[in-house]
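Enquirer: Fold the following, please.
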Amino acid sequence: MELYTENIYLRPITEADTEMVLRWRNSEAVKQYFIYRQDITPAEHLNWLETKVKTGKVAQFIIYMRENDMPIGSVYMQSIDPVHKNAEYGIFIGEHVALGKGCGTDAAKLAIRFAFEELGLHKLYLRVISDNQRAIRSYEKAGFEIEGVLKDDIFVDGKFCDVTRMAIIREETV
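Expert: From the prediction side, this is the model:
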């Protein structure tokens with residue numbers, strides 16, 4: 001399966017990506033949009049790769065901008081459930097230069113295609129802090145729809161915040 005658009009391409013994550021992924025994931029610019037905001041250590045990341053990615057519980061990719069062959073972030077499907085045929089989608093763009101160029105939307109579209117065609121999933125869902133309207137618009141452009149809002153679902157930055165749950169369902173039945 002080809003995982004690319006005119007603007008980006010995806011390749012599977014490797015251990016060699018650890019330093020770069022930690023730099024992105026632990027930056028304040030990225031963490032501010034995460035539900036869980038703790039820094040990730042190199043040992044935790046390597047454990048994630050060993051126990052989640054290598055076992056098939058997670059499918060994770062590095063996103064590259066095609067114009068300059070620059071890695072800009074990561075996209076993943078976690079909690080892959082082969083019984084119920086669903087998984088939770090996640091993404092982060094770690095390079096500021098890539099923001100606002102449609103890279104996140106393109107990555108989401110590729111991840112959706114991978115989830116449905118390669119993993120055989122029926123549904124891909126995500127959770128996003130409700131005031132992150134830029135992310136919600138990007139997810140909607142990729143085809144995700146709002147399923148509901150979980151009121152005061154998380155406690156971050158000293159206050160309770162709503163979480164919006166979004167999903168996309170494979171059109172043809174499996």
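
Enquirer: okay, now Phe61: neighbour count?
Expert: 22 (other CB atoms under 10 Å). Just so you know, the C-beta spots here come from the backbone N, C-alpha and C atoms, and that holds for glycine as well.

Enquirer: swap in the one 3 residues further on?
Expert: Neighbouring residues of Tyr64 were enumerated by other CB under 10 Å; the total is 21.

Enquirer: what does the one 5 residues further on give?
Expert: Here the number of neighbours of Asp69 (other CB under 10 Å) works out to 8.

Enquirer: what about the nearest residue to Ile35 once chain neighbours are set aside, which helix or strand?
Expert: Spatial nearest neighbour of Ile35, chain neighbours left out: Ile154 (5.5 Å); criterion: CB to CB, 6 or more residues apart in numbering. Secondary structure assigned from DSSP states H and E places Ile154 in strand 145-156.

Enquirer: Tabulate the CA atom coordinates of that strand in PDB.
Expert: Only the C-alpha atoms of strand 145-156 are listed here, as PDB (Å, rounded to 0.1, in the frame of the first residue of the first chain):
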ATOM      1  CA  GLU A 145     -17.500  13.300  12.500                       C
ATOM      2  CA  ILE A 146     -18.300  14.400  16.100                       C
ATOM      3  CA  GLU A 147     -20.000  11.700  18.100                       C
ATOM      4  CA  GLY A 148     -20.400  13.600  21.300                       C
ATOM      5  CA  VAL A 149     -18.800  15.800  23.900                       C
ATOM      6  CA  LEU A 150     -17.700  14.400  27.300                       C
ATOM      7  CA  LYS A 151     -18.300  17.300  29.700                       C
ATOM      8  CA  ASP A 152     -15.500  18.000  32.200                       C
ATOM      9  CA  ASP A 153     -13.800  14.800  31.200                       C
ATOM     10  CA  ILE A 154     -10.200  15.700  32.000                       C
ATOM     11  CA  PHE A 155      -8.400  17.900  34.500                       C
ATOM     12  CA  VAL A 156      -5.500  19.900  32.800                       C
END
